[in-house]
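Trainee: Quick one: sequence and predicted model below, then my questions.
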Amino acid sequence: MKQIGLELGVRYVLDRNPTIMTQHIGIVGCSAEGASLCYRTICVEGAKLLGPHAHPEVSMHTPSLAEYVTYLERGDMVGVGDLILESAHKLEKIGTDFLICPDNTIHQAYSYVAPRSPLPWVHIAEVVATEAVNRGFRRLALTGTKWLIDSDVYPEKLVARGLEYERPDTIEREEINRIIMDELVNSIFKAEAVAYLQQTIERLKQAGCDAAILGCTEIPLIINDKNSPLPTLDSTRLLARAALSRAAGRIGDSMC
């Protein structure tokens, strides 16, 4: 692959199709596993759009996860938002064209971040809602951290698209949160965690759900269509693919 030119923040990539223009993707990271899965997906699947070994330019900034957790435990979304904006400004300074955040939980601060952001965003829950509509799902099982499940990050996007949802119960929320924060973000993957998430998704299936949102960017590391009782909506990979499409000029500025 040979790169030529840099004009108005758009990088031209010469590969099998010399007319393809790609934008520079900025990743605002939170947890290592979620951010790295998103990054790997962009780089590996970029070849489907751009040719062998090709992908858009990608840059990532990630503060310490402990800083985010401190603000989340306090319920301080302004603090969360300020951390996001610090990353956003650093990424803008090195030439990124738009931003994504492969972390569902900290999207709670999005309403604070969006009007202050130096760059446009692709919103993870909007991407998932669009995929659910496109695949004809109607009632979605929501999984993720307790902070996400208790928030309106997904409900407001799903309801706006005419979709229904079910949340895990209080006990399930606590155990799934423990699995995520004690195990998955630390690259610990246990059969017991898989079984618990399967059990929860099965219960939500019995409650009428026809698909499961993997609303933590680490959950796709242990749950997928092959072992889930319901079809899955993998928020991490869906966000990565939306970023790829946008970077390659396949979609417009539909998020922010």
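Mentor: Received the coordinates, thanks. Numbering: from 1, shown residues only.
Trainee: contacting residues around Leu197?
Mentor: If a contact means C-beta atoms under 8 Å, 6 or more residues apart in numbering, then Leu197 has Thr143, Ile176, Ile179, Ile219, Ile222, Ile223 as its contacts. (Each C-beta comes from the backbone N, C-alpha and C, glycine too.)
Trainee: Run through this structure and note the low-pLDDT ranges.
Mentor: The model of the chain has pLDDT under 70 over residues 1-20, 250-256.
Trainee: any idea where the helices of it begin and end?
Mentor: Using DSSP state H, the helices of the chain run over 32-50, 65-74, 77-93, 110-113, 124-134, 146-149, 153-160, 170-178, 191-206, 235-247.
Trainee: Next, count neighbours for the residue lying closest to Thr41 once chain neighbours are set aside.
Mentor: Distances taken as C-beta to C-beta, 6 or more residues apart in numbering place Ala240 nearest to Thr41, at 3.7 Å, with adjacent residues excluded. Neighbourhood size, Ala240 [other C-beta atoms under 10 Å]: 29.
Trainee: returning to that earlier point: which ones among the contacts of Leu197 map onto strands?
Mentor: Mapping the contacts of Leu197 onto strands (DSSP state E) picks out Thr143.
Trainee: picking that back up, now do the contacts for the residue nearest to Thr41.
Mentor: When contacts are counted by C-beta under 8 Å, 6+ apart, Ala240 is found next to Leu37, Cys38, Tyr39, Thr41, Ile42, Glu45, Ile100, Pro102.
Trainee: just Ile25 next, same as before
Mentor: Neighbours of Ile25 in contact, by C-beta under 8 Å, 6+ apart: Ile42, Pro56, Glu57, Val58, Ser59, Thr96, Asp97, Phe98, Ile100, Ala243, Ala247.
Trainee: What distance do you get for the most centrally placed residue in the chain to Asp210?
Mentor: By C-alpha atoms, centre = their mean, the chain has its centre lying nearest to Pro102, at 3.5 Å. Relative to Asp210, Pro102 is positioned 25 Å away (C-beta to C-beta, to the nearest Å).
Trainee: Equivalent analysis for Glu92, please.
Mentor: Distance, Glu92 to Asp210, using C-beta to C-beta: 40 Å.
Trainee: Please name the nearest non-neighbouring residue to Cys101.
Mentor: Val28 (4.3 Å).
Trainee: what's the spacing between the one you found and Leu214?
Mentor: As for Val28, its distance to Leu214 is 19 Å (criterion: C-beta to C-beta).
Trainee: my guess is Ile149 contacts Ala141, does it?
Mentor: No: with contact defined as C-beta atoms under 8 Å, Ile149 does not reach Ala141; the gap is 10.9 Å.
Trainee: These two - which one has more neighbours?
Mentor: Ala141 (28 against 24).
Trainee: from memory the more buried one sits against Lys205, does it?
Mentor: Yes: contact criterion C-beta under 8 Å: Ala141 and Lys205 qualify, at 7.0 Å.
Trainee: Show me which of the contacts of Ile25 are buried.
Mentor: Taking 16 or more other C-beta atoms under 10 Å as the criterion, what is buried in these is Ile42, Pro56, Glu57, Val58, Thr96, Asp97, Phe98, Ile100, Ala243, Ala247.
Trainee: Just give me the closest of the residues you listed to Tyr71.
Mentor: Ile100 (20.2 Å; C-beta to C-beta).
Trainee: In contact with the closest one, which residues?
Mentor: Applying C-beta under 8 Å, 6+ apart to Ile100 gives the contacts Ile25, Gly26, Ile27, Val28, Cys38, Trp121, Val122, Ile124, Leu239, Ala240, Ala242, Ala243.
Trainee: and it, bridged to which residues?
Mentor: Ile27, Val122 (DSSP bridges).
Trainee: Roughly how far does it sit from His61?
Mentor: Distance, Ile100 to His61, using C-beta to C-beta: 12 Å.
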